[in-house]
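Colleague: turn this into a structure:
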Amino acid sequence: MVVLLNSLSITESLKLCHRVVDGLCGREPPHRADYSDTWSLKEWLELLNSLTAFFSLAVGNNSSDEEVLAGLSDVSSSHAKAVLNVLKGRWEEIRHALLDRTNSISSATLQDFDWQLKLALSSDKISSLQTPLLSLSLDVRENGALQPITVEMNREELNTLISSLEAANKVVLQLK
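Modeller: Predicted structure coming up:
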């Protein structure tokens, strides 16, 4: 729905795009009242969401100028160049806002890890056990404090952990 930008002059489009980026970066977004004569509420929301998503995806995917202009094929070339200029001028700002948003999901970060493989030969109930156990030690920094976490897993639990981490890695690779 970026095509709705054609309803504005180039100067007004530039101003709107900068205000959308402001909103994306946590500052004051554009106000509907400023554009109520140009678009209906539905059109306004579609345009605002489309521009926000466009800026986020272009920066998140590290899109080239050609890819950006291809994504703006619905709008006039002068409007497309105006959006591209805003994107190029505020690229780092958008990138930092997206990184901050991603980092705010959790304040905990993994600082270090260590593992040991142990073989449990017996227990108080079974005289011959022969069970391999993995002891995983994690150093997690949360709100500036380092917190050690130790987990002991048997083979099944370790396989479940590995499967979960592989699935998470696939999701991360798809997002790149």
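Colleague: what's the helix or strand for the residue most central in space within the chain?
Modeller: The geometric centre of the chain, computed from its C-alpha atoms, lies nearest to Thr102 (Cα atoms, centre = their mean), at 4.8 Å. Using DSSP states H and E, Thr102 sits in helix 91-103.
Colleague: same thing with Leu146?
Modeller: Counting by DSSP H and E, Leu146 is found in strand 145-153.
Colleague: for that strand, which helices and strands make contact with it?
Modeller: strand 131-142 (3 or more Cβ pairs under 8 Å, 6 or more residues apart in numbering; DSSP states H and E). For glycine as for every other residue, the C-beta is placed from the backbone atoms N, C-alpha and C.
Colleague: give me the sheet partners of the strand it packs on and which way each runs.
Modeller: Its sheet considered, strand 131-142 pairs with strand 108-120 (antiparallel), strand 145-153 (antiparallel) by DSSP bridges.
Colleague: nearest spatial neighbour of Leu48, skipping sequence neighbours?
Modeller: Computed as Cβ to Cβ, 6 or more residues apart in numbering, the closest residue to Leu48 that is not its neighbour in sequence is Val20, at 6.6 Å.
Colleague: oh, that last question was meant for Ser7, not what I typed.
Modeller: Among residues not flanking Ser7 along the chain, Thr38 sits closest, at 5.3 Å (Cβ to Cβ, 6+ apart).
Colleague: Ser78 too?
Modeller: Of all residues beyond its chain neighbours, the one nearest Ser78 is Ile10 (5.5 Å), with distances taken as Cβ to Cβ, 6+ apart.
Colleague: what are the contacting residues of the helix or strand in which Val83 is found?
Modeller: If you go by DSSP H and E, Val83 is part of helix 77-89. With contact meaning Cβ atoms under 8 Å, 6 or more residues apart in numbering, helix 77-89 is reached by 2, 5-6, 10, 13-14, 17-18, 21, 51, 54-55, 58-59, 65, 68-69, 72-73, 75, 94.
Colleague: go again using 6 Å as the cut-off
Modeller: Helix 77-89 has contacts (Cβ atoms under 6 Å, 6 or more residues apart in numbering) with Leu5, Ile10, Ser13, Leu14, Cys17, His18, Ala58, Val68, Leu69, Leu72.
Colleague: can you say which of those are buried?
Modeller: Leu5, Ser13, Leu14, Cys17, Ala58, Val68, Leu69, Leu72 (16 or more other Cβ atoms under 10 Å).
Colleague: what's the residue nearest to Ser78 sitting at in phi/psi?
Modeller: With angles defined as degrees, to the nearest 10, Ile10 sits at phi -60, psi -40.
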